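> here are the coordinates; sequence isn't available:
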């Protein structure tokens, strides 16, 4: 019997998402490390992985980032 994490992961994969994020971007997790907080937070949103910066290796955002135009 699948648990909540497995059900959510399968749904995210089937719909092309990379992970989950909080609605205020304070946290995010990828499919490879889904719900590391050990909670299925009802405020988490499905999201897409974006490159990080000096503060974080990556970000998960609910908006899909458009690929840059190839010139």
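Thanks, I have the structure now. Remember, predicted model here, so these are calculated numbers, not experimental data.

> For the nearest residue to residue 36 once chain neighbours are set aside, list the residues it contacts.
If the residues on either side of it in the chain are set aside, residue 36 comes closest to residue 29, at 5.7 Å by C-beta to C-beta, 6 or more residues apart in numbering. For the C-beta atoms, the positions are set from N, CA and C on the backbone; glycine is no exception. The contact partners of residue 29, taken as C-beta atoms under 8 Å, 6 or more residues apart in numbering, are 19-21, 35-37, 60.

> Separate out the buried members of those.
Buried members of these, scored by 16 or more other C-beta atoms under 10 Å, are 19-21, 35, 60.

> By pLDDT, give me the weakest of these.
In terms of pLDDT, residue 35 ranks lowest among the buried ones among the contacts of residue 29, with 88.

> Give me the distance between that one and residue 54.
From residue 35 across to residue 54, the span is 26 Å (C-beta to C-beta, to the nearest Å).

> Could you list the low-pLDDT ranges of this protein?
25, 39-40, 67-71 (pLDDT under 70).

> let's see it at 80
Along the chain, the model assigns pLDDT under 80 to residues 23-26, 38-42, 65-71.

> give me the element residue 48 is part of.
Taking DSSP states H and E as the criterion, residue 48 maps to strand 45-51.
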